[in-house]
Each structure stands twice: as C-alpha cells, then as structure tokens.
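S.K.: everything below, folded, please.
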Amino acid sequence: MAKSRTKKRTHVGANNPKHKAPLVGRSAVQDPKSMVIRIGAGEVGSSISQLAKDVRQVMEPGTASRLRERRANRLRDYVTMTGPLGVTHLLLFSRSDSGNTNLRIATTPRGPTLHFRVEKYSLCKDVRKAQRHPKGGGKEYITPPLLIMNNIATPGADANSKVPKHLESLTTTVFQSLFPRINPQTTPLKSIRRVLLLNREPATDKDDGSFVLNFRHYAISTKPAGVSKPLRRLDAAEKLFSAKNRKGGVPNLGKLEDISEYMIGGENGEGYMTDGTSGSEMDTDAEVEVLEDAPRKVLSSKARAARSENGDKTVDNDERVERRRVTLVELGPRMKLRMTKVEEGLCSGKTMWHEHIHKSKQEVKDLEQRWDQRRQEKEARRKEQKANVEKKKKEKAASGAKSSKDGDDEDEDIEMDGNNSDLFDEMMEEDEKDSEGLAGDAEEALNELMDDDEWEDEREEIAD
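M.R.: Numbers count the residues shown, from 1 in each chain. Below is the predicted model of the structure:
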C-alpha cells in the first residue's frame, strides 16, 4: 500500500522559517517598514499630497506605496495597525494653521519622534522638467537606496552645546534605521541603484542652535571610462539589437562610406572625441574599478594545465577589472528640513530638545519630577483597572454558575406546546424583532394603532 502524503508547507507542524530569506547582501534582521501619511488628508493641499507620494517612492520597496488616507482617519488608527503590519517608522506630513508644512519621523511603538519644518521643497516633476535628460521609471525602485549622511556630527560638540551631541547621535540612528543594513563585502553592486543624501548645513554662528538638513535623492548610472562617445553609441546599439524592442538609439550611418568615418569624425579625424579631447577636464575621482560580470568560458583541468605549461598567464584577475565612470542623476524630491523639536514618545511625551525654548537645570529637574509623578499615577490607574477587570470576571463567573443552576430547575416547569408554550412567550419577550429586523409583526403593529370604530368598519366589510 502506498504511503500517505504528509503536507509540510501549509499545515500544522510545517518547519517554515518565521521570516523569508533576505536579499543577497542584506542582513538577516527583518527589514524596516515605513508608512508615509498625510494627517488631515483633505486639508494639506495637492502639493503636499504629491510630496508625500514622492517620499513614498524614495522609501521603496519597504513602504506602503498604495496607502490611501481618509479625512476621518486619526493618528491613533495608524498607530494601532503598526504592530500587526510590522511597521517600524511613521513619516507624517501635516500643515499648520499658519500654513507651515511639517514632517514628523516617529519610531514605533514607543518613539522617539523628530519634528521638522519643511522650509523649501521641490517635487519630482519639477526636478525632471529642469533636466535635459531625466531618468526614472526603471528598476531603480526595486532595491532600497544607499543612505549617505554628511556633516551630521559637529566636532567639539558636547551635552552643553546648543545642539547637544546626543541629539546628533539620535538623529543619525533614526535615519539609519529607516533602511536595511548592508554588508559591503557581500552586497552586489547591481543592488545599489539609488542614493539618498542628507547634508547638514553648517551653522553661520556658533550660538545659532539650528539643525537644518538638505534632502536629496539620486539615481546611480555608470559608463565605461576612456571610451569615445561614438564607440559608446555603437555598444548601446549592439545591446539594443539583442533586445526585443529596437526603437531608436541606432546611429545613422547612411551617408557614410565606411565605419571609420563615423569613428574618427571626418577625413582628418577632427571630430574624434574622447574624454581627454572633449574640452572638459578629466575627473578621475568619479571613476571606480569593478570586476567585469560578463560570462566567461570555464576551462577544464587539462586546458588549464596545458596553459600553465606553455607559460600563458592571461587568466589574471587584473584583466577582468574595468574602469567605469559613476554619475548621479537627481530623481527628486528636494527638501530643506529644519528640526524644531524632539519628543521622547510616539508624537507625545517629554520634550527632549526644542529649537527656541531652552530651560535651566532647575526647570528641567522640576519637569522630570512632574513626569515621574504622571508615570506613577498612570501605573496606579493601570493596576486599579486590572484589579477591577479581574473582580468583574469573578463576579460574572459566580453569577453565571448560579443562573445556570437556577435555569436547570426552571426548565422542568416550562411547557413545550408550540407557539402557545411558555418557552415561546419567553423568547418573544427577550427579542421582539423578527428576521427582517422589524419590531414585531407588521399586521400586529397595525392592529394596535386601529381604534374600536375602525374595527367595526373592518368587521362589516368582512361580513359583506
């Protein structure tokens, strides 16, 4: 007899991992997830709504890109769903009564929360209009961006500075936790397609306690270094012919007699341009060396032995190294963020830092005592509520046992004679609504409203 099949993937007892395997080069920790939300969806305006959509693209793929807010939704509704959905960060856009655009970055479930005022911003469509060759809409958003932070920490800062050192460290930690970690040794270069740059503007005055960040978003593109533009176009055309769609991109050689005329740019080679003769200065800082990822033929052991005997050393790794020029194309959006406040909790709690309000040590001490008192009162209320719930559960259990015992004694006296039985009358007293949700029968309700004279008229009509 054949052995019965045991399902191991979808049934109880399946040895499935708790989380899916991470991408190649990513850490094994679960990747962070975020939600970009408009607080007061109908009040922020169309520009802020589009800015929120652009920020969602920046946070791809670890964000709710199809999230739709409603005017009736409150912050409590989103916070409630962060736990079941595994959301780790909330990015909240709102507009104040004075017209200022605000951004709050909160870490769930217990904070902290960074408050920013968006002083200036440019949407993605504005950035694309200003570019001659805009880029976007490809595979850039399949992988998360590479976060680069510049000038966040100020040298010589301490706890007594206008912007304390622990605030700079906290800001760095919060932004780093928005995106998954990478391992430089194992992360493939193809997985890094975008760059998110956060640059802190230097303070104009030492006593200036401002914390301003410039938010920029770029796409990474690479081109072979040291290759002329005609040759790059031919290489692109060769790749284009191997693709299914062959529209555009092929150079027009109809008026030329030989391919050399296209390469040298005329009879005397006056049009031949390389990186060195293009009129611009050589920028070798933007060039990197990478290993060529093109497939190569694997030699057998006999072929490798024969090559080594002949003294052929052409299988060095140096030949596979390729120099490529790295260029950044801005995708947008742009934002200038000024930090105004830092709260300890999730959009609530003790204020850890404020840009304009500064307190003395005694005032800070009094605030600490006040918060400790609130915390103790909250704990006392929680214990009292828990005790009341337990007490009600015990009383309900005792009353339920007593009522069930009395109910067994009363069941013996109840008659079971159809609709005229005591059980039927008891059921109708408990619920006077019929299956359609109406109070009693429609005919019975109509009879109750009719007077005695109307009843006499009805009897005469029936008799006739």
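
S.K.: who does the longest strand anywhere in the chain pair up with?
M.R.: When the chain is parsed with DSSP state E, its longest strand is strand 212-224. Applying DSSP bridges, strand 212-224 is found paired with strand 194-200 (antiparallel), strand 321-330 (antiparallel), strand 334-343 (antiparallel).

S.K.: comparing these by mean pLDDT, which bottoms out?
M.R.: Lowest mean pLDDT within the strands paired with strand 212-224: strand 321-330, at a mean of 81.

S.K.: can you point out the buried residues in it?
M.R.: Using 16 or more other CB atoms under 10 Å as the test for burial, strand 321-330 gives Arg324, Arg325, Leu328, Glu330. (Each C-beta comes from the backbone N, C-alpha and C, glycine too.)

S.K.: which parts of the stretch 101-250 of the chain are strands?
M.R.: All strands of the stretch 101-250 of the chain, identified by DSSP state E, counting those that start in this stretch, fall at 101-107, 113-122, 146-150, 194-200, 212-224.

S.K.: tell me the most buried of those?
M.R.: Highest mean neighbour count among these (mean count of other CB atoms under 10 Å): strand 101-107, with a mean of 21.

S.K.: so what does it touch, helix or strand wise?
M.R.: When contacts are defined as 3 or more CB pairs under 8 Å, 6 or more residues apart in numbering; DSSP states H and E, strand 101-107 sits against strand 89-95, strand 113-122, helix 165-176.

S.K.: state the mean pLDDT of the last one.
M.R.: Computed over helix 165-176, the mean pLDDT rounds to 93.

S.K.: what's in contact with it?
M.R.: For helix 165-176, the surrounding residues in contact (CB atoms under 8 Å, 6 or more residues apart in numbering) are 105, 107, 112, 114, 147, 149, 152-154, 157-159, 198, 211, 339, 342, 352-353.

S.K.: what do you get for the shortest one?
M.R.: For strand 89-95, contacts defined as CB under 8 Å, 6+ apart pick out 32-40, 43-45, 48, 51-52, 55, 59, 75, 78-79, 82, 101-108, 177-178, 346-347.

S.K.: hmm, back to that, of all the strands of the stretch 101-250 of the chain, which one is nearest Ser360?
M.R.: strand 113-122 (22.5 Å; CB to CB).

S.K.: in the chain, where is pLDDT below threshold?
M.R.: Applying pLDDT under 70 to the chain picks out residues 1-3, 6-29, 41-42, 137, 206-207, 226-251, 261-286, 288-298, 311-320, 404-464.

S.K.: longest helix anywhere in it?
M.R.: For the chain, the longest helix by residue count, based on DSSP state H, is helix 361-410.

S.K.: check which helices and strands it sits against.
M.R.: With contacts taken as 3+ CB pairs under 8 Å, 6+ apart, helix 361-410 sits against no other helix or strand.

S.K.: before we move on, the earlier item: neighbouring contacts of the longest strand of the chain?
M.R.: Defining contact as CB under 8 Å, 6+ apart, one finds that strand 212-224 is touched by 58, 116, 119, 135-136, 140, 145, 192-201, 232, 235, 322-339.

S.K.: let's see that with 7 Å instead.
M.R.: The contact list for strand 212-224 (CB atoms under 7 Å, 6 or more residues apart in numbering) reads 58, 135-136, 140, 192-201, 232, 324-338.

S.K.: the contacts of strand 89-95 in helices, which ones?
M.R.: If you go by DSSP H, the contacts of strand 89-95 have Ile48, Leu51, Ala52, Val55, Leu75, Tyr78, Val79, Thr82 in helices.

S.K.: so the third one is in contact with Ile39, correct?
M.R.: Translated: Ala52. No. Using CB atoms under 7 Å, Ala52 makes no contact with Ile39, being 10.1 Å away.

S.K.: now the end-to-end length of stretch 62-75.
M.R.: Stretch 62-75 has an end-to-end distance of 20 Å (criterion: CA to CA, to the nearest Å).

S.K.: which outside residues touch it?
M.R.: If you take CB under 7 Å, 6+ apart as the criterion, stretch 62-75 is touched by 31-39, 41-42, 56, 144, 347.

S.K.: mark which of those are buried, thanks.
M.R.: 31-39, 41, 56, 144, 347.

S.K.: tabulate those residues (JSON lines), appending distance to Ala225.
M.R.: Output for those, formatted as JSON lines (distance: CB to CB, whole Å):
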{"residue": "Asp31", "distance to Ala225": "34"}
{"residue": "Pro32", "distance to Ala225": "36"}
{"residue": "Lys33", "distance to Ala225": "38"}
{"residue": "Ser34", "distance to Ala225": "37"}
{"residue": "Met35", "distance to Ala225": "41"}
{"residue": "Val36", "distance to Ala225": "38"}
{"residue": "Ile37", "distance to Ala225": "44"}
{"residue": "Arg38", "distance to Ala225": "44"}
{"residue": "Ile39", "distance to Ala225": "48"}
{"residue": "Ala41", "distance to Ala225": "48"}
{"residue": "Arg56", "distance to Ala225": "35"}
{"residue": "Pro144", "distance to Ala225": "27"}
{"residue": "Cys347", "distance to Ala225": "49"}
